[in-house]
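Chemist: Quick one, what's the 3D model for this:
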Amino acid sequence: MDQQRQERVNVKEILEKLSPRDKIYSEIETNKIIDNVIAFFPSGEAADTSILITNLAAAIAKRAWNVCVLDFKVFYPNIYKLLDCEAMPKGRGLIKLLRSDKIDFREEISDTKYKNLYLLTPSPMDLIEEYLDFQFEDIERIIDTVKEMFDLILIDVPNNPPLEFCVSAIKHCNVGFSVWSERIDCPQNTQRFLSFIGSIGISSSKIANVILNNVQGFEYDKQIITEMGMKYIAEIPYVPSVINYALDGRVYSVDSILLDKRYQRSMERLVDLMVR
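Modeler: Numbers count the residues shown, from 1 in each chain. Here you go, the predicted model:
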């Protein structure tokens, strides 16, 4: 118990210089279109971050915002399936843009069946080793270009801290969220990740915002979030239909005729927070 408490204290020390919540979101308000890059980091295997992002992105796009989702899970891309898009052919999409700064981005960004919602994704046919040689500068160029093309950019960050695509997304996002589930590994995983990015000179303040996803009402100690010096931003209830829709390539938040009221309220609050 003493060791666990000491770990919490250590994390709190890392995050002592966090910006107040109002300051973080005032950045979104004042830097719209220019700096609206929002990253989502999964802190556990059960966080279902990709499904959360697609529901959030479609809900924001429904409000007439031009939204682009960047799937940086280069080893295992899945957003294209959740949005019912055709897979990019081998060598197309994200990897083609990374390899050359002469490519027209519009040719590599996928339209979706949802108005105002677009996707930049790796091809699932690309070899894993093809993504190991890209530098931070390559990824930064992608983010900088895409954020000038859309009102809002949502990045699905891979839970792979040593990978450039993970670190660069956090470094260059305007605001970030750690997505938790009601699992015991989330606090520890978050602590280790924040410690790592801090050790390489990246501010941990932007990612110290927690969204608790798939809440089922377990006796989960939510107090640990504030004890770690983090901000408890939102919780999204577990609704089986959200998963069922995702399995069918549909987005529950906009495709369902009968939305779960708890889910609808939670999603609307989160959307309001992003695009107020």
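
Chemist: thought residue 275 was touching residue 62?
Modeler: No: taking contacts as CB atoms under 8 Å, residue 275 lies outside contact range of residue 62: 10.7 Å. Backbone N, C-alpha and C define where each C-beta goes, glycine included.

Chemist: and residue 127, what does it touch?
Modeler: Counting by CB atoms under 8 Å, 6 or more residues apart in numbering, residue 127 makes contact with nothing.

Chemist: Quick check: mean pLDDT of stretch 108-115?
Modeler: Averaging pLDDT along stretch 108-115 gives 97.

Chemist: Just the residues contacting it, thanks.
Modeler: By CB under 8 Å, 6+ apart, stretch 108-115 touches 58, 61-62, 68, 80, 83-86, 88, 92-94, 96-97, 118-121, 146, 149, 251, 254.

Chemist: Quick check: the nearest residue to residue 158 once chain neighbours are set aside vs residue 53, distance?
Modeler: Among residues not flanking residue 158 along the chain, residue 73 sits closest, at 4.5 Å (CB to CB, 6 or more residues apart in numbering). As judged by CB to CB, to the nearest Å, residue 73 and residue 53 stand 11 Å apart.

Chemist: Overlap of the contact sets of these two?
Modeler: Counting by CB under 8 Å, 6+ apart, the residues touching both residue 73 and residue 53 are 79, 156.

Chemist: My guess is the residue nearest to residue 158 contacts residue 163. True?
Modeler: No: using CB under 8 Å, residue 73 is not in contact with residue 163, being 9.7 Å away.

Chemist: Look at those two and report which has more neighbours.
Modeler: Neighbour totals were compared for residue 73 and residue 163, and residue 73 leads with 22 against 19 (other CB atoms under 10 Å).

Chemist: so where does that one fall, helix or strand?
Modeler: In the assignment (DSSP states H and E), residue 73 maps to no helix and no strand.

Chemist: quick one, phi psi at it?
Modeler: Residue 73 adopts backbone torsions of phi -80, psi 70, taken as degrees, to the nearest 10.

Chemist: Residue 258 falls within a strand, correct?
Modeler: No: under DSSP: H, G, I helix; E, B strand; the rest coil, residue 258 sits outside any strand and is assigned coil.

Chemist: mind checking how far it is from residue 252?
Modeler: 10 Å.

Chemist: which stretches of the stretch 1-150 of the chain have low pLDDT?
Modeler: Along the stretch 1-150 of the chain, the model assigns pLDDT under 70 to residues 1-35.

Chemist: need the helices for it, in chain order.
Modeler: Counting by DSSP state H, counting those that start in this stretch, the stretch 1-150 of the chain has helices at residues 2-14, 21-30, 49-61, 79-82, 94-99, 136-147.

Chemist: And the strands in the chain, which stretches?
Modeler: 37-42, 67-71, 110-111, 117-120, 152-156, 175-180, 209-215, 231-237 (DSSP state E).

Chemist: List the buried residues in stretch 231-247.
Modeler: Within stretch 231-247, the residues that count as buried by 16 or more other CB atoms under 10 Å are 231, 232, 233, 234, 235, 236, 237, 238, 239, 242, 245, 246.

Chemist: Repeat that for stretch 120-138.
Modeler: Residues of stretch 120-138 classed as buried by neighbour count (16+ other CB under 10 Å): 120, 121, 122, 123, 126, 130, 131, 134, 138.

Chemist: quick one: which of the residues you listed is nearest to residue 192?
Modeler: If you rank these by distance to residue 192 using CB to CB, residue 131 comes first, at 22.7 Å.

Chemist: how close does the spatially closest residue to that closest one that is not a sequence neighbour sit to residue 275?
Modeler: The spatially closest residue to residue 131, leaving aside those adjacent along the chain, is residue 74, at 4.3 Å (CB to CB, 6+ apart). Distance, residue 74 to residue 275, by CB to CB: 28 Å.

Chemist: Neighbour count for these two, which is higher?
Modeler: Between residue 74 and residue 275, counting by other CB under 10 Å, residue 74 is the more crowded of the two (25 against 18).

Chemist: hang on, the earlier thing: next, format the buried residues of stretch 231-247 as a markdown table and append pLDDT.
Modeler: Formatted as a markdown table, the buried residues of stretch 231-247 follow (pLDDT from 0 to 100):
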| residue | pLDDT |
| --- | --- |
| 231 | 94 |
| 232 | 94 |
| 233 | 94 |
| 234 | 94 |
| 235 | 94 |
| 236 | 97 |
| 237 | 96 |
| 238 | 97 |
| 239 | 97 |
| 242 | 98 |
| 245 | 98 |
| 246 | 98 |
